[in-house]
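Colleague: What follows is a predicted protein model with its sequence.
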Amino acid sequence: MFPFQLLNLLFIATKGEEEEKKPKYDISIYKPGDLLEVPRTLFTHFGIYLGDNRVAHLIPDILPLLSKNQDAIKTMVTNNRLILGVIAKVASVRVDTVEDFAYGSDIIVNHMDKVCSRPPYQGDEVARRAEKLLGSVTYSLLWYNCEHYVMYCRYGTAMSFQTYQFCKTVRKIVCCKKSAFLTALMGVCIMLYLGCVTPLTTLPTLLIPFTIWMAS
């Protein structure tokens, strides 16, 4: 049996176990065009409600690279498939039921209306834009994720507050005076250890800490 067939069986097996944990959702409270959020452990997942218990959402998924079995691909995306899809930067905008989309989490409706400076489109227009983008996409954790997709559909601007906060946090950690000092110290230690003090080694040792210092 080929490796991708083994992975396929693993994904299908885990799906059965995870489906048992899914709670029931009252879909009568959702309207076409609603922006749905489901908080996860490390991030929030987003989707657009299309009506009739259907949610369009962008989600990483490795399985389409490993199998041509459309029945298996259409099943709920498990954590294994999602994580490998993030690494491979492979995703798709697909339609799932509210239960499969929420994955057992609580659902927050239209919270972004309070955060985004732009007014949302009409519900039918939001749903139309969401369906128009169905299909395979190149995934980027920072530059094109599920939040970029729903923000474009509902507000006409592809942005991600999660990405902004992440980059802001990284900048605070990397671009600080302490980081500049430690980088300079590490460069000097490496040069002394190697016994190689030349313009080729000295220039990066000075330039990198200086750049970090100026950015802090």
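Modeller: Looks like it came in fine.

Colleague: show me the contacts for Gly33.
Modeller: 48-49, 120-127, 154 (CB atoms under 8 Å, 6 or more residues apart in numbering). In short, each C-beta sits where N, CA and C put it, glycine included.

Colleague: Apply 7 Å and report the result again.
Modeller: Residues counted as contacts of Gly33 (CB atoms under 7 Å, 6 or more residues apart in numbering) are 48-49, 122-124, 126-127.

Colleague: Tell me the one of the residues you listed nearest Ser92?
Modeller: Ile48 (14.5 Å; CB to CB).

Colleague: Got phi/psi on the closest one?
Modeller: Main-chain dihedrals, Ile48, degrees, to the nearest 10: phi -110, psi 130.

Colleague: The one 5 residues further on now?
Modeller: According to degrees, to the nearest 10, the main-chain angles of Asn53 amount to phi 60, psi 40.

Colleague: Count residues in the vicinity of it, would you?
Modeller: Look at Asn53: counted by other CB atoms under 10 Å, it has 15 neighbours.

Colleague: what's the spacing between it and Ile208?
Modeller: As judged by CB to CB, to the nearest Å, Asn53 and Ile208 stand 53 Å apart.

Colleague: picking up where we left off before, pull out the buried members of the contacts of Gly33.
Modeller: Buried subset of those (neighbour count, 16 or more other CB atoms under 10 Å): 48-49, 123, 126-127.

Colleague: Filter these down to just the ones in helices.
Modeller: Here DSSP state H is the test, and the buried ones among the contacts of Gly33 give 123, 126-127 as lying in helices.

Colleague: Looks like Ile48 contacts Val150 (just checking).
Modeller: Yes. Ile48 is within contact range of Val150, at 5.6 Å (criterion: CB atoms under 7 Å).

Colleague: Now list whatever residues contact both of these two.
Modeller: The contact sets of Ile48 and Val150 overlap at Leu35 (CB under 7 Å, 6+ apart).

Colleague: And the helices in this protein?
Modeller: Going by DSSP H, the chain shows helices at 3-19, 63-66, 70-73, 79-88, 98-102, 123-132, 146-155, 161-174, 177-194, 199-215.
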